[in-house]
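Novice: Quick one, fold the following:
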Amino acid sequence: MLRRDGWLGVRARLFPERVTVAAAANDTKRILRLDLPRSDVLDAFMEADLFVFASKVEYSPLVLFEAAAAGTPFLTVPAGNAAEIVRWTGGGILCPADVDARGYVRVSPDLLAAEMEKAVRSPDLLQRLGAAGHKAWRERFTWQVIAKSYENVLRGETVFAPFAPSGRIGRSN
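Specialist: Next up, the predicted model:
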């Protein structure tokens, strides 16, 4: 997570007693293990100006919906269905990256850094993305809204789903 004045969330200066740094087995990278209470995670989302998600492999990164729920704009690579989540929420920026045949994402660190810098230098854009993402989450992606849509589908009703290709899910009555 980023703030315009520096890193937030993974730096020891914010949560020094909860950060453990360990060397990976091949010693080519460092692993940060954070044992944060959920309330600290939520605080970090709420304090951040930008959430950066650069996962190598994902299916559906729920963390992007968490950023949207917090009103925190996000920068993501195309891992899993992240590109769809950018479109559905309007709350994020998609950083170009290569995706191999197995679905593994490889992003250029220089490109990611440039996209991060461009984003944090555009506070108006970040504000608009955060507001759009929060609005989309509140209207379409809370668990209450999702559960109600499932109930309607199970009753055989057609439900409006602006994120679905046809705009509708279920069968008509």
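
Novice: What strand or helix carries the residue most central in space within the chain?
Specialist: Centroid-nearest residue in the chain: L64, 1.9 Å away (criterion: Cα atoms, centre = their mean). Under the criterion of DSSP states H and E, L64 resides in helix 62-70.

Novice: which strands and helices sit next to the strand or helix carrying Q127?
Specialist: Using DSSP H and E, Q127 sits in helix 123-136. Judged by 3 or more Cβ pairs under 8 Å, 6 or more residues apart in numbering; DSSP states H and E, helix 123-136 is in contact with helix 62-70, helix 82-89, strand 92-94, helix 109-120. In short, each C-beta sits where N, CA and C put it, glycine included.

Novice: ends of stretch 134-152, how far apart?
Specialist: 24 Å (Cα to Cα, to the nearest Å).

Novice: What separation do you get for M116 and V77?
Specialist: Using Cβ to Cβ, to the nearest Å, M116 is found at 12 Å from V77.

Novice: what about these two, which has more around it?
Specialist: V77 (26 against 17; other Cβ atoms under 10 Å).

Novice: got the contact list for that one?
Specialist: Applying Cβ atoms under 8 Å, 6 or more residues apart in numbering to V77 gives the contacts F53, A54, S55, L94, C95, A97, V105, V107, L112.

Novice: Report the two of those separated the most.
Specialist: S55 and L94 (13.1 Å; Cβ to Cβ).

Novice: rewinding a little: which residue, other than its chain neighbours, is closest to the residue nearest to the centre of the chain?
Specialist: I85 (4.6 Å; Cβ to Cβ, 6 or more residues apart in numbering).

Novice: likewise V57?
Specialist: Counting by Cβ to Cβ, 6+ apart, the residue nearest V57 is Y104, at 5.3 Å.

Novice: close enough to count as contact, that neighbour and P78?
Specialist: No. Applying Cβ atoms under 8 Å, one finds Y104 not in contact with P78, separated by 11.1 Å.

Novice: the more surrounded of those two?
Specialist: Shown here are Y104 and P78; by other Cβ under 10 Å, P78 has more neighbours (19 against 12).

Novice: So what does the more buried one have for phi and psi?
Specialist: Dihedral pair for P78: phi -80, psi 50, per degrees, to the nearest 10.

Novice: still on that earlier bit, now do the helix holding Q127 against helix 109-120, angle only.
Specialist: Computed with axes from the mean of the first three to the mean of the last three Cα atoms, to 10 degrees, the direction of helix 123-136 lies at 90 degrees from that of helix 109-120.
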